[in-house]
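> sequence-free structure coming up:
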Ligand SMILES: [Zn+2]
Ligand SMILES: [Zn+2]
């Protein structure tokens with residue numbers, strides 16, 4: 001396919017402004033980039049950070065968000081290392097990494113450059129963008145190396161993972177971020193045994209991925225915690241053994257978790273909310289030698305109170321985990337395998353919307369009517 005290429009993307013012009021389908025031109029493809037025709041993209045809360053301007057100190061406007069793309073390879077840069085990749089391949093897009101620091105050679109999610117490479121929306125080498133508006137202004141279009149809210153995108157090669165079943169591109173599109181984060185936290189890091197217990201705070205797509213994966217083991221108890229009853233009902237259907245609606249209880253969530261676990265607390269807890277007050281409670285829900293994982297990002301300046309004496313005496317652990325500690329090319333096939341075995345029923349939590357209905361998709365996500373909206377280009 002020839003570049004420059006005129007196409008369309010959901011462009012954000014300013015902080016707080018709407019996603020507007022706007023003509024853009026993809027100028028060129030660097031040797032380490034892949035041109036992908038995006039067919040579907042999941043919608044993730046991090047896309048709203050961009051929209052609200054929460055990343056404006058590093059990622060200005062105009063900008064294209066989206067980081068759960070799925071589509072078809074239309075051109076391959078001259079120096080792409082993955083030689084098995086071919087034009088016409090169905091691919092899922094994940095985050096990017098530098099690929100050669102000591103931290104990420106074997107696991108991209110540990111890259112020290114994770115923030116600068118994924119959250120600035122520009123090319124790593126020179127801060128440029130492959131994309132411009134028709135008036136020539138550059139558009140940030142490498143969000144997580146991909147900016148998938150676009151009909152076509154020049155994605156960095158490390159984002160690109162072949163999709164083993166092209167017919168399922170729609171439901172697998174969120175693998176690169178939300179599903180990988182929840183499933184990876186359970187399978188790569190926490191690894192609960194069948195006699196252990198897991199609590200998941202927040203029943204969004206990351207929380208559901210963690211709940212379904214823990215249930216696939218199956219862990220002895222999988223406790224889903226949220227404030228929306230409709231989501232908790234779905235969590236029970238998809239593997240949660242217990243649920244706690246913190247908007248409906250009288251006392252503390254810690255008391256409720258203690259009641260459900262015979263006073264022991266949970267062996268593992270996952271926070272997907274990034275709300276510091278929730279993280280504080282999560283730590284208090286841990287059993288002796290239990291491990292808590294922060295998966296949602298809290299505000300940078302926040303502090304919490306931890307009783308370090310009992311935390312130490314009871315040998316507790318608290319981990320910060322990005323993207324489920326996943327190396328996408330190796331990890332993404334695992335939740336896909338689980339799905340094929342019927343143990344990761346993501347089709348029950350997603351809904352596909354035409355790009356023209358993005359507003360409805362976002363509204364449904366915010367009310368909890370749909371856990372993971374997917375837009376179709
Ligand atoms: Zn790196
Ligand atoms: Zn995300």
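The structure has been received and is ready for your questions. Everything quoted here is computed from the prediction, not taken from an experiment. Ligands and ions are numbered 1, 2, ... in the order given.
> could you pull out the helices for the stretch 51-200 of the chain?
For the stretch 51-200 of the chain, helices defined by DSSP state H, counting those that start in this stretch occupy the ranges 114-119, 169-172, 178-184.
> what does the second one contact?
With contact meaning C-beta atoms under 8 Å, 6 or more residues apart in numbering, helix 169-172 is reached by 39-40, 70-71, 90, 92, 163, 165, 336, 339, 346-347, 350, 352, 374, 376. Heads up, the C-betas are built off the backbone N, CA and C, glycines and all.
> among those residues, which are in strands?
Cross-referencing the contacts of helix 169-172 against strands under DSSP state E gives 39, 40, 70, 71, 90, 92, 350, 352, 374, 376.
> export the residues you listed to JSON lines and tack on distance to ligand 1?
Listed next are the ones in strands among the contacts of helix 169-172 as JSON lines, based on distance: C-beta to the ion, whole Å:
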{"residue": "39", "distance to ligand 1": "29"}
{"residue": "40", "distance to ligand 1": "28"}
{"residue": "70", "distance to ligand 1": "24"}
{"residue": "71", "distance to ligand 1": "25"}
{"residue": "90", "distance to ligand 1": "27"}
{"residue": "92", "distance to ligand 1": "21"}
{"residue": "350", "distance to ligand 1": "31"}
{"residue": "352", "distance to ligand 1": "34"}
{"residue": "374", "distance to ligand 1": "29"}
{"residue": "376", "distance to ligand 1": "33"}
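> check those residues and tell me the two furthest apart.
90 and 350 (17.5 Å; C-beta to C-beta).
> circling back to that earlier point, mind putting the helices of the stretch 51-200 of the chain into CSV with mean pLDDT, distance to residue 139 and mean neighbour count?
Supplementary listing: those in CSV, determined by pLDDT from 0 to 100; distance: least, C-beta to C-beta, whole Å; neighbours: other C-beta atoms under 10 Å:
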stretch, mean pLDDT, distance to residue 139, mean neighbour count
helix 114-119, 92, 16, 19
helix 169-172, 97, 25, 22
helix 178-184, 98, 24, 30
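> closest to ligand 1 out of these?
Closest of these to ligand 1 is helix 114-119, at 7.6 Å (criterion: C-beta to the ion).
> avg pLDDT for the helix or strand containing residue 280?
Using DSSP states H and E, residue 280 sits in helix 276-284. Averaged across helix 276-284, the pLDDT comes to 97.
> hmm, back to that, of the helices of the stretch 51-200 of the chain, give the one that comes closest to residue 292.
helix 178-184 (15.1 Å).
> need the residues that contact that closest one.
Under C-beta under 8 Å, 6+ apart, the answer for helix 178-184 is 42, 44, 68, 94, 109, 204-213, 270, 272, 295, 321-326, 328, 331-332, 334-335, 338, 344, 346, 372.
> again, 7 Å this time
Helix 178-184 has contacts (C-beta atoms under 7 Å, 6 or more residues apart in numbering) with 42, 44, 68, 94, 205-210, 213, 295, 323-326, 328, 331-332, 335, 346, 372.
> of those residues, which ones also sit close to ligand 2?
Contacts with ligand 2 within those, counted by C-beta under 5 Å from the ion: residue 44.
> rewinding a little: may I have the strands that pair with the following helix or strand past the helix holding residue 280, each with its orientation?
The helix or strand immediately downstream of helix 276-284 is strand 286-294, counting by DSSP H and E. If you go by DSSP bridges, strand 286-294 pairs up with strand 266-271 (parallel), strand 317-320 (parallel).
> between those strands, which one is nearest to residue 303?
strand 317-320 (13.7 Å).
> so for the next helix or strand after that closest one, what gets flagged as buried?
Once strand 317-320 ends, the next helix or strand along the chain (criterion: DSSP H and E) is helix 328-331. Buried residues in helix 328-331, counted by 16 or more other C-beta atoms under 10 Å: 328, 331.
> what of stretch 253-273?
In stretch 253-273, counting by 16+ other C-beta under 10 Å, buried: 253-254, 256-258, 260-261, 265-273.
> for stretch 94-106, same thing?
Under 16+ other C-beta under 10 Å, the buried positions of stretch 94-106 are 94, 95, 96, 97, 98, 99, 104.
> and the two most separated of the residues you listed?
Longest span within these, C-beta to C-beta: 94 and 98, 14.6 Å.
> how about the strands paired with strand 286-294, which one is nearest ligand 1?
Nearest of the strands paired with strand 286-294 (C-beta to the ion): strand 317-320, 17.0 Å.
> run the chain-centre distance for that closest one.
Distance of strand 317-320 from the chain centroid (C-alpha atoms, centre = their mean, to the nearest Å) equals 19 Å.
> now do it, average pLDDT.
What strand 317-320 shows for mean pLDDT is 98.
> show me the strands in the stretch 51-200 of the chain, by range?
63-64, 69-76, 90-93, 131-133, 138-139, 152-156, 160-162, 197-201 (DSSP state E, counting those that start in this stretch).
> looking at the ones you listed, which is buried most?
strand 197-201 (a mean of 30; mean count of other C-beta atoms under 10 Å).
> contacts for whichever helix or strand comes after that strand, please.
Moving toward the C-terminus from strand 197-201, the next helix or strand (DSSP H and E) is helix 205-216. With C-beta under 7 Å, 6+ apart as the test, helix 205-216 has contacts from 174, 178-179, 181-183, 185-187, 192, 198, 200, 222, 224, 235, 238-240, 270, 272, 295, 338, 343-345, 349, 371-372.
> just these that are near ligand 1?
Answer for these near ligand 1: none qualify (C-beta under 5 Å from the ion).
> as TSV, the strands of the stretch 51-200 of the chain with distance to ligand 2 and mean pLDDT would be great.
Formatted as TSV, the strands of the stretch 51-200 of the chain follow (distance: least, C-beta to the ion, whole Å; pLDDT from 0 to 100):
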stretch	distance to ligand 2	mean pLDDT
strand 63-64	15	98
strand 69-76	11	98
strand 90-93	11	98
strand 131-133	20	97
strand 138-139	20	96
strand 152-156	15	97
strand 160-162	15	97
strand 197-201	17	98
